[in-house]
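> Coordinates for the following, if possible.
(2 chains)
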2 protein chains.
Amino acid sequence: MQVESWVAGSWRMPHDEGTALLDASTGVEVARVSTAPVAADEALLHARTVGGPALRAMSFHDRAAVLKQLGTLLMGQRDACYELSYATGSTRQDSLIDVDGGFATLLAYASRGRRELPAGSVLVDGPVEVLGRGGGFVGRHVMTSRRGAAVQVNAYNFPVWGMLEKLAPAFLAGVPSIVKPAGQTSYVTAHVVRLMAESGLLPEGSLQLLVGGSQGLLDGLDGQDSLAFTGSAATAALLRRHDAVVSRGVRFTAEADSLNSCVLGPDAAPGSPEHELFVRELVREMTAKAGQKCTAIRRAFVPRQHLDAVTEALRGALEQVVVGDPRDSATTMGALVSRSQRDDVREAVHRLAAGGELVVGDLDTELPGLERGAFLRPVLVRHDDPWAPAVHEVEAFGPVATLLPYDSTSHVVDLLALGGGSLVASVVTHDADFVREVVLGTAAHHGRLLVLDRGSAVESTGHGSPLPHLVHGGPGRAGGGEELGGMRAVHHHLQRTAVQGSPTVLRSITGVQTPGAPTVEDGTHPFRKTMAELAIGDSVTTASRTVSREDVDHFATFTGDTFYAHTDEAAAAANPLFGGIVAHGYLVLSLAAGLFVDPAPGPVLANTGLDRLRFTKPVRPGDSIRAVLTAAVKMPRSAEQGEVRWDVQVLDQDDVLVATYELLTMVRAR
Amino acid sequence: MQVESWVAGSWRMPHDEGTALLDASTGVEVARVSTAPVAADEALLHARTVGGPALRAMSFHDRAAVLKQLGTLLMGQRDACYELSYATGSTRQDSLIDVDGGFATLLAYASRGRRELPAGSVLVDGPVEVLGRGGGFVGRHVMTSRRGAAVQVNAYNFPVWGMLEKLAPAFLAGVPSIVKPAGQTSYVTAHVVRLMAESGLLPEGSLQLLVGGSQGLLDGLDGQDSLAFTGSAATAALLRRHDAVVSRGVRFTAEADSLNSCVLGPDAAPGSPEHELFVRELVREMTAKAGQKCTAIRRAFVPRQHLDAVTEALRGALEQVVVGDPRDSATTMGALVSRSQRDDVREAVHRLAAGGELVVGDLDTELPGLERGAFLRPVLVRHDDPWAPAVHEVEAFGPVATLLPYDSTSHVVDLLALGGGSLVASVVTHDADFVREVVLGTAAHHGRLLVLDRGSAVESTGHGSPLPHLVHGGPGRAGGGEELGGMRAVHHHLQRTAVQGSPTVLRSITGVQTPGAPTVEDGTHPFRKTMAELAIGDSVTTASRTVSREDVDHFATFTGDTFYAHTDEAAAAANPLFGGIVAHGYLVLSLAAGLFVDPAPGPVLANTGLDRLRFTKPVRPGDSIRAVLTAAVKMPRSAEQGEVRWDVQVLDQDDVLVATYELLTMVRAR
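Model (predicted):
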C-alpha cells in the first residue's frame, strides 16, 4: 500500500516505489511512502483559487456546521483508526489521545464557533474607538479571512490529532489547509483524510494532503499564507530561515519539543496525596505514547529531602509497566514508532545519564518474540547536581525522564528557566504560597502550567494533554507559537485591520450598530419585527416619565432595597457621589423597560440578559426619563430563533445620559 | 557634539570621532555619530538584572503613573525638540507628528493603562474555562511580564515618536527597553532620552540607548527578549535571518515601508467633495515629512474617466507647495534627511517613471541659496497601465506618488493586492456599496483602512497617522507586525500562559474570584468592608423571598412593563420559552438587590453598573429567590475609592440558578 496524496480533488500515487514503513511491534511492512517531491504548486493554486473562495463564501456558522458533521461522522469510524494506529506502536489508550482527541477537537471548534463567532464572516475585534470630538470619525478593528493557504507540517506522533487541531481553526477562519504529515505515520493521516474527502462534506479545495518530500513546499508561499510546524527545534530553524518566511512575510509558527518539567512541592512528603499524584503523573507521562509526546515530562524536580523516597517510589511503579505489542490487552506501554527512533532515544539517554545515574532502564534487551519491534522499557535517570547541563539541553523523545533535586523555591524557579522555554510544567503541591511563587515566577517561560493537588486530581486532564480551550505552545525553545486556546487559534488565520471612517461606514462594514450612525424610526416598534424584518439601526424613542419621590419610596418599600441614598435625606446628602436622594438604578432600569416594552405577543419572546450597564448620572426625584432603543447586533441561533442585542440609552429631561446598556432578547426568525 | 549612548545608568562617549551629520537644509555639521560597536552585552545584562526586576516590582498602575509624569514633563520641553528637528529637515508641522505625537502616545498609554489594566501585575485573559464536570478543575489564561529586554531598532524619520510608541507599551508591560536609533537623526532621540533620564522618573535600567554600530546587538538575545524593527524590508529580512530569531526564539516584529494606496471612488467626479478631499489628502501625504513616512501614499488609484481631471488638479496643487528651509515660516515642505537619501529617491523615481510619465517634478534643480541642502520638489508619476510592475515594487521614500487608473471595483481590489501587503490604504468615496466591496475585498492585505468622505473629513486624522488606539503594521511586505492598537501592544510584551488547577489555586494566582473557590461568610456583611478590609471571596447569602402573582401584577402596573408574559395567562402559556406567567427579569433583579443591600451608610457608595446579566431560568409566581453575593475583583481608582466587582447568583427554592451577573460598586478605600 503506497500512501497517496490528495491534491486538487484527486488521489495521486507517487511515481516511485518509496520506502517501507514497518509495524512498530512486528517489523512487518505496513505501507510504503515516497519522498519524491509533491505537487505543492498545484495544491497551492487549488487552495487559493478554489478552496479559499469556497470557504469565504460560507459564514462562520456554516463552517462550524461542517466541522460538527465531520466530527460526528469520524467518531463513528474510530475502530478502523485504532487498528491502523496499532501499527505505529500506539496502544488503545494512546489512540484515545490521538484519534478521539482529534475528532473531539473538531467538535469543540464546531461548538465554540457557533457560540462565540458572529453571523456572517467578519469578526469585530474590540470596541468602537471614537477618534474625533464630534463623534463623526470613529475606528474599529475587523478580522477577515487571510487570502492564502494554511500549510501545516506535522509530527509523526499524533497523525490524527496533529492534523485536526490545526485544520479546525483554519477551516473555521475560512482558510484552506494543505497538510504535510510526517512520512512515518502518514498512512493513518491519509486514512482520515480519505474519510473526510469521501464524506462530501468538505468544500472543494479546503483540505489537501501532501505525502512525500517537502522540497519546494515553501517556495510558492507569500504574505497571505501561513506555515505551522510541529516537530524538532532544528527543523523549525530550517523552515524559519527559508526565504518565504524571511522575505515574503509568511506567517510562521512552530510548536517544538521542549524540556517540560514537573515540580513536587516541599509539603508533599512521602505518604501525602500529592506525593502519590506526582509519581502517578510522572509514570503516566513517561509511558503514554511511549513518551513520544512534545508535552511529556523530561525534568522532574523534587525537594532534596524527598529525592530518595521519590526515586524508590518511581522504581517500583516503573517496574509494573508492561511493555508489549499494543494489540495485547495486558500491554500498558506500546512501542516507539521505529527502531531508528529507538536508536536516537538510546543515544540521547547516554548523553543524559553521563555524570548521573541510570536508576531504572534497560537499553539493550529485546522483548522475547518481538525482537523486530521498536520496544524500550521506561528509563529513569537521576542527577544529584541539578545544574548538569545535559539535563537542560538533551531531549530523549521516548519513555525517559530525569529526576533532579532542588533546595528552595527560588532555586527551582531558576532551574525551570534553564529549559529555555517550555510547553508545559506541572506543580504538585498543596501549599498555596509555593504554588503562587512558582507559577508567577515561571509563567513567562511556559505556555501552560498545571497545578495538581488533592482537590483537582480527580478531574485533572493531566500534564500532557493540550485542550481545545487552552493555548498549546510555549516561548523560546518550545517554538514561540500558540495553537488552540479556543478562538485564539481562529484569530491566527484572520487579518486584523483597523478601519476608520464615519459611524455609518463602520456600521455598513461590520454589520453592527455604531454610535453616531443614523437610526431609523419607521413607525413600527422594532419589537414587532422578526429577525428577518429587523434592520440594524431600527430604533424607537419612548415617551418620558417623571420619577417622583413617591416612586422611589414605593420602590424601596416594595423591593426591600432601603439603601440610605434612596431613603434618608441627610445620609444621602453626605454621600460624595449623590449629595441627595436618588432613584434606585434598578428603578430606572425597570421604568425604562416599562417605557419601551411593547406588551402584546409578537416576535420578541424574552429578555434573556443585559450587558455593560453603566449608570452615568444619578436620577433625582422630579427628573423625567425616556429611552432610546436601537437594534445593534443580530445573531441567528436556530432556524426558529435568533438573539438581538439592543443599544439602550436612558436620557433625562436635559437629554443627558443617565444609563446605558445592551439588552439581549430572543426573537422569532420569521 | 558626539551623540552618546546611555547604558547602565551612564552616558558613554564613543571611542572614535565618528562621521558628521549635516543639517538637511544648510549642510552645516550638526553632530557626529560613531558606527563603532556599542556596549550591547552590558546593556542587555543591565536590562535583565536591574531594569526588569525594577519594572516587575511595580504594578501596571504604577507604571502608567510614571508614563503620565514623563509625558507631562516632555510636553513642557517641546520647543528644544522642534529646534533640533529642524536640522533633520522637518518643518514645525512635521514635528507635530513626531514630537507632539510621541509625547501624546506616552500619555495615551498612561491613561488607557490606568483604565484598562487591572490592579497588580498579572493580566487575566479570557474567561474561566471549566475543565471537569464537577467544577473542581478549571483553567484560565494569565499574562505576565516577559523576563527579557525589548530591543527596539528604529528608523530615521521619526526619532521621537518612533522611540516612544515602542517604549510606552513595553514599559507598561514591565519590560525594559533598549533603544537603537538610526544614526542619521540619533541626536534628536538622544536629546529626549537625556530629558527622561535626568527626570529621575524612570526606574533604573528600564530605558537604555545604544547609538552606534549594530554589530553584536542581537548576539546575546534569547527567547525572553523581543526585537522590534522599523525600517526597510531588506534590513528586516537580515534581522529575521539572525540566529537569535531563527534558533533562539527571540520574538521578532517588523514594520516595513510599504506601497500604501489611496483609491478614489467612481462616484467622486470633479467638483464633488470627495474629489477635493482626495487631492488634498494625496498632497498632504506627499509633502508631510517630505514623504519620508512608511505610511505615505505611493499608489493613487483613480477611475479611468477621472484620471485626467485628477492629474490636472494635482498638478495645480503640487505647484503651490513651498519647498525650503523648515525654519522659514513660508515653507510648506522641508528637506529630505540627507543628500544621500535624495540620491536614493531620485534613482527610485527613474525606475518608477520608466514607461510612464513624470507629470510633476524637477529632479535636478537646487534651491537658490540652499544648494547644500537635501531638497526635492514633489514628484508625481503617471502610468496609464496600472499593471506596470515597477509601480507595485519600487518605493521612492520621499515626496513621490504614482497615479494609476482602474476600470472596476474588482479591478482596483486586485491592484491593491499587488502591493503584497501594506500598512494602510484610503478609500475616498461617498458610495457605501463601493466602500464595503473595497474594504472587505482588501482588508486582508492591510493593517489599516481609512474611509474618507464628506461625513468624516472634518474630524479625520488622516491617511498617514497611526493612532495609539489602532494597530499600526500590516501583512506581507509591510513586515507582518503589529504595534500600538491600545493594549494589544502591551500584550505583545507579556507571555500568555494557560494555568490549570482547582478554583482555589486559580483564585490565588489571578487575585480574582473563581467559580468553585470556597467563599467566606464571616458574619460581617461584605458591604460593610472598605477596599482595604474586603478580601476576594468574601460573601453573603441572603434570606429568601417568595415572588407572588400579586408582586408581578403590581410591578407591571407600577413600571408600565405589561409585557404579556407577565400579565396574560393564555398568551404567556403560548410563549415557547415560558409556557405560563413569569416574573419580570427586572423584578427578580430588584428583589435580589432588596435582599442583599445593606441599608445604612457604609463603605459602599453606589452601584455603578452591571455586566453579563443572564436570566437562566424563568421565575414563576410562588417561587422563592435568594441571592449569593461574592467579592470577585478589586480595582483601585483613586486614593479615596475603588471599584469592586461582585459575582451575584440568584437561586430559586430548588437551588437552581435563575439569574447571574456581575455587580459593580464604588467603595471607599479605607
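
> now A:Ser258, what's its secondary structure?
Look at A:Ser258: counting by DSSP: H, G, I helix; E, B strand; the rest coil, its state is coil.

> wait, what's in contact with A:Gln152?
A:163, A:166-167, A:170, A:177-180, A:227-228 (CB atoms under 8 Å, 6 or more residues apart in numbering or on different chains). From N, CA and C alone the C-beta is placed, and that goes for glycine too.

> For it, which non-adjacent residue is closest in space?
Using CB to CB, 6 or more residues apart in numbering or on different chains and skipping residues adjacent in sequence, the residue nearest A:Gln152 is A:Lys166, 4.4 Å away.

> related to what we said a few turns ago, turn the contacts of A:Gln152 into TSV, columns for distance to A:Leu587, pLDDT and neighbour count.
Output for these, formatted as TSV (distance: CB to CB, whole Å; pLDDT from 0 to 100; neighbours: other CB atoms under 10 Å in any protein chain shown):
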residue	distance to A:Leu587	pLDDT	neighbour count
A:Met163	57	98	26
A:Lys166	53	98	29
A:Leu167	53	98	26
A:Ala170	50	98	28
A:Ser177	55	98	28
A:Ile178	60	98	27
A:Val179	59	98	27
A:Lys180	63	97	26
A:Leu227	58	97	24
A:Ala228	54	97	25
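
> between the residues you listed, which is nearest chain B?
Lowest distance from chain B to the contacts of A:Gln152 (CB to the nearest CB) belongs to A:Leu227, with 12.3 Å.

> Flag the helix or strand of chain A with the lowest per-element mean pLDDT.
helix A:233-240 (a mean of 92; mean pLDDT, DSSP states H and E).

> Work out for me the element the residue of chain A positioned farthest from its centre sits within.
Of all residues in chain A, A:Ala570 has its C-alpha farthest from the mean position, at 54.7 Å, by CA atoms, centre = their mean. Using DSSP states H and E, A:Ala570 falls within helix A:569-574.

> quick one: average pLDDT of that helix?
Across helix A:569-574, the average pLDDT comes to 94.

> List the residues that contact A:Arg637.
A:643, A:666.

> Can you list phi and psi of it for me?
phi -120, psi -30 (degrees, to the nearest 10).

> What separation do you get for it and chain B?
12 Å (CB to the nearest CB, to the nearest Å).

> now do A:Leu239
Distance from A:Leu239 to chain B, by CB to the nearest CB: 9 Å.

> can you check A:Leu470 too?
From A:Leu470 to chain B the distance is 4 Å (CB to the nearest CB).

> and A:His81, what does it touch?
For the record, residue A:81 is Cys, not His. With CB under 8 Å, 6+ apart, A:Cys81 has these contacts: A:95, A:99, A:160, A:188, A:191-192.

> mind redoing it with 10 Å?
A:74, A:95, A:98-100, A:102-103, A:159-160, A:188, A:191-192, A:195 (CB atoms under 10 Å, 6 or more residues apart in numbering or on different chains).

> Can you tell me how far the residue farthest from the centre of chain A is from A:Gly579?
12 Å (CB to CB, to the nearest Å).

> do A:Gly52 as well
From A:Gly52 to A:Gly579 the distance is 61 Å (CB to CB).

> hmm, back to that, pick the one among the contacts of A:Cys81 closest to A:Ala65.
Of all these, A:Ala65 sits closest to A:Leu74, with 15.1 Å by CB to CB.

> How about that closest one: what's its closest non-neighbour residue?
Leaving out its chain neighbours, the residue that sits closest to A:Leu74 by CB to CB, 6+ apart is A:Phe103, at 4.6 Å.
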